[in-house]
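**Q** output the structure for:
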Amino acid sequence: QVQLVESGGGSVQAGGSLRLSCAASGRTLTNYGEGWFRQAPGKEREFVAAVSRSGGTTLYADSVKGRFTISRDNAKNTVYLQMNSLKPEDTAVYYCAATSVYVSRRASEYVYWGQGTQVTVSS
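**A** Sure, this is the predicted structure:
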């Protein structure tokens with residue numbers, strides 16, 4: 001069992017930056033690929049970014065490519081999402097998740113989920 005806890009959300013103006021963290025407990029994250037997803041009001045949950053177990057492979061949604069960076073520190077059992085040049089359309093609840101698959105964009109392949117952290121970007 002893996003417990004995931006996100007932090008770092010908040011309110012920021014367009015063009016600003018935030019760094020989300022996802023701390024894991026229960027099992028070491030080195031056994032899992034990690035991903036970030038988000039869900040805006042009235043919309044379905046969507047993939048944002050993913051990183052492989054070693055950190056050597058990363059995937060991004062087209063909408064965030066070049067602005068967001070996913071990384072992990074396995075020694076700290078933590079995954080990060082650095083978000084730069086934020087836009088109002090990035091407003092959503094952001095969730096981190098863990099998968100036993102090497103790396104994936106598919107929410108259905110993630111077995112452990114955090115509770116989410118709110119990110120609000122104002123124009």
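**Q** and the most centrally placed residue in the chain, what is it in contact with?
**A** Per C-alpha atoms, centre = their mean, the C-alpha nearest to the average position across the chain is that of W36, at 2.4 Å. W36 makes contacts with L20, C22, V48, A49, A50, I70, V79, L81, Y94, Y95, C96, A97, as judged by C-beta atoms under 8 Å, 6 or more residues apart in numbering. Quick note: C-beta positions are derived from backbone N, CA and C, even for glycine.
**Q** mind checking the SS state of the fifth one?
**A** Just to be clear, that refers to A50. Assigned with DSSP: H, G, I helix; E, B strand; the rest coil, A50 falls in the strand class.
**Q** what sits against the residue lying closest to it once chain neighbours are set aside?
**A** In space, and not counting its chain neighbours, A50 is closest to G35: 3.9 Å by C-beta to C-beta, 6 or more residues apart in numbering. G35 makes contacts with 47-51, 96-99, 103-105, 110, as judged by C-beta under 8 Å, 6+ apart.
**Q** from those residues, which is closest to K65?
**A** A49 (8.9 Å; C-beta to C-beta).
**Q** now the helices for the protein?
**A** Along the chain, no segments are classed as helices by DSSP state H.
**Q** rewinding a little: out of the contacts of G35, which one sits closest to V119?
**A** V48 (10.5 Å).
**Q** number of nearby residues for V64?
**A** By the criterion of other C-beta atoms under 10 Å, V64 has 22 neighbours.
**Q** look up how far S25 lies from the residue lying closest to it once chain neighbours are set aside.
**A** Once flanking residues are discounted, V64 sits nearest to V48: 5.8 Å by C-beta to C-beta, 6+ apart. Plainly put, V48 is 22 Å away from S25 if you go by C-beta to C-beta, to the nearest Å.
**Q** please consider this matter closed, and thank you.
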